[in-house]
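1. how would this look folded up:
(one chain, ligands or ions: 1)
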Amino acid sequence: MAMLELRELIVDIPGRTDGAPLSWSAAAGEVWGILGPNGVGKTSLLHTLAGLREPRRGEVRVGGTPLPQLSRRQLARRLGLVFQEPQDGFPATVLETALVGRHPWLAPWQMESAADLARAREALYRVDMAHLEQRLVTTLSGGERQRVRLATVLTQDPGVWLLDEPTNHLDLHHQVAVMKLIRALAGEGRTLVMSLHDLNLAARWCDRVLLLFPDGQACWGPVREMLVPAALENLYGQSLRATELDGHPVFVPG
Ligand SMILES: Nc1ncnc2c1ncn2[C@@H]1O[C@H](COP(=O)(O)OP(=O)(O)OP(=O)(O)O)[C@@H](O)[C@H]1O
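-> Down below sits the predicted model:
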């Protein structure tokens, strides 16, 4: 079954004419990469998928239900967001921030239980942030904040994850750790859709990619078929050289 589905969707990008309507879906267990040049609309598409911005036309369905029919709480149980946020957040600790992920599952009057706390701690451990649980988020580095965002959604435990450049700010080791985590979540049956700029991360870790072109066209399919130099040179307006390593394509600028 499609966990996330677009029907004839046109993303509302101010001042831009309609591109081709997008009808696309992602199933349980799939990792999708959204690729395209700066300003093409990757973040706008993710925000539309998340219900944070109205589409110009068409419909988004999560777990088969159209977005407008889901309450915020129902949506938060199904959909988790790892998006870039402004720097000056709420002055909460790392652990308190991860615990926010349990809120969609608690009644308004209900305190977090020991089980909720254990979940949040487990999530922080999975992103290598357990040692900083008492630190204020406002004091963290960019990469540490990014890992706390991931931990909060791990604590939330939705079926569908939307991630905007999840490896942003992360060093090489933590980039790989996060991609492994994403693969593990897909292995447990979740659906993960992320925007990415790094072709090699997409080639190594995604099952499928959605390519967004500046002329408003889009195409999608398995990594093997889509990530070929001719398509990517056209996408980015940049010549590329490709080779293969351990069965995965690798690209360097030509
Ligand atoms: N609220 C807004 N008002 C006006 N223009 C906007 C608004 N939000 C986004 N845009 C424009 O819409 C276009 C798409 O932006 P978006 O952030 O979705 O692109 P992107 O593909 O994620 O880019 P990048 O790779 O640089 O992160 C850009 O030209 C951007 O300037």
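2. tally of neighbours for the nearest residue to Asp12 once chain neighbours are set aside?
-> Nearest non-adjacent residue to Asp12, counting by CB to CB, 6 or more residues apart in numbering: Arg56, 4.0 Å away. Heads up, the C-betas are built off the backbone N, CA and C, glycines and all. For Arg56, the neighbour count with other CB atoms under 10 Å is 15.
3. Looking at stretch 182-197 now, give me its mean pLDDT.
-> For stretch 182-197, mean pLDDT is 97.
4. So what touches that stretch?
-> 3-4, 26-35, 42-43, 46, 49, 82, 158-167, 202, 205-207 (CB atoms under 8 Å, 6 or more residues apart in numbering).
5. Could you do stretch 135-153 as well?
-> Contacts of stretch 135-153 (CB under 8 Å, 6+ apart): 80-83, 85, 88-94, 97-98, 100-101, 120, 123-124, 126-129, 132, 161, 166, 168-171, 174, 178, 181.
6. now do 7 Å
-> Residues from elsewhere that reach stretch 135-153 (CB atoms under 7 Å, 6 or more residues apart in numbering): 80-82, 89, 91-94, 97-98, 100-101, 123-124, 127-129, 132, 161, 168-171, 174, 178.
7. got it, and stretch 20-32?
-> With CB under 7 Å, 6+ apart as the test, stretch 20-32 has contacts from 1-10, 57-58, 182-183, 186, 189-193, 205-210, 216-218, 220.
8. show me the contacts for Leu46.
-> Leu46 touches Leu162, Asp164, Ser195, counting by CB under 7 Å, 6+ apart.
9. Could you tell me how many residues sit around the second one?
-> Same thing as Asp164. Count around Asp164 with other CB under 10 Å applied: 22.
10. helix/strand/coil for the residue positioned nearest the centre of the chain?
-> Residue closest to the average C-alpha location in the chain (CA atoms, centre = their mean): Leu163, at 1.5 Å. Secondary structure, DSSP: H, G, I helix; E, B strand; the rest coil: Leu163 is strand.
11. ditto for Arg7
-> strand.
12. Flag every residue of the stretch 1-150 of the chain that's near the ligand.
-> Ile13, Pro14, Gly36, Asn38, Gly39, Val40, Gly41, Lys42, Thr43, Ser44 (CB under 6 Å from any ligand atom).
13. What residue in the stretch 51-200 of the chain comes nearest to the ligand?
-> Ser195 (6.1 Å; CB to the nearest ligand atom).
14. So for the host helix or strand of Val178, what gets flagged as buried?
-> Assigned by DSSP states H and E, Val178 falls within helix 172-187. Of all the residues in helix 172-187, those buried under the rule 16 or more other CB atoms under 10 Å are His174, Gln175, Ala177, Val178, Met179, Leu181, Ile182, Leu185, Ala186.
15. Next: stretch 3-22.
-> By 16+ other CB under 10 Å, the buried positions in stretch 3-22 come out as 3-7, 9-13, 19, 21-22.
16. tell me which residues of stretch 67-75 are tucked away?
-> Quick answer for stretch 67-75 (16+ other CB under 10 Å): Leu67, Leu70, Leu75.
17. pLDDT wise, what is the first one at?
-> Reported pLDDT at Leu67 in the predicted model: 96.
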